[in-house]
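**Q** Next input, structure requested:
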Amino acid sequence: MKHPIFILLLILPALALTAAGDFPMARRLINTQGCKACHKLEGFGGDFARPLDGVGDTLSETQLEQKLKTGNTTPYMPGHQHLTQEERTSLAQFLKSLRGQEKKRPAQRPASSSRKRS
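**A** Residues are numbered from 1 along each chain as shown. Below is the predicted model:
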């Protein structure tokens, strides 16, 4: 190879992104399993259940895996027994990595004026 340092410099950023935990399997599952119908993640999704951003602040990885497997009754969240252990672990690790990232809800738009137009 003529320029091994150049090639290494091209590869290192990609390795760093992978090592930082991009979690492609977990992100795919969140989108395909309908999680965003109820949960907001990174500013997108529903407001029915708590946002997933910051969930790692309050639950351990083991607790997250258990909730993914069995679900909740209040508020309702279905269990995901159909997922493989690897998929549940990937999701739990991703959610745990979201520590301290809970986003503030966007400011509410002021309600439109209730004045009657003449």
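
**Q** CA only for contacts and neighbour counts going forward, please
**A** Fine.

**Q** which is the next helix or strand following the helix or strand of the chain with the lowest mean pLDDT?
**A** Evaluated with mean pLDDT, DSSP states H and E, the helix-and-strand set of the chain has its lowest mean pLDDT in helix 4-19, which scores a mean of 47. Downstream of helix 4-19, the first helix or strand assigned by DSSP states H and E is helix 24-32.

**Q** Can you mark which positions in that next one are buried?
**A** Buried residues in helix 24-32, counting neighbours by 16 or more other CA atoms under 10 Å, are found at 26, 29-30.

**Q** Please apply the same query to stretch 45-64.
**A** Buried residues in stretch 45-64, defined by neighbour count with 16+ other CA under 10 Å: 45, 49, 51-56, 59, 61, 64.

**Q** Pick out the most distant pair among the residues you listed.
**A** Of all pairs drawn from those, the one with the largest separation by CA to CA is 45 and 61; the distance is 22.4 Å.
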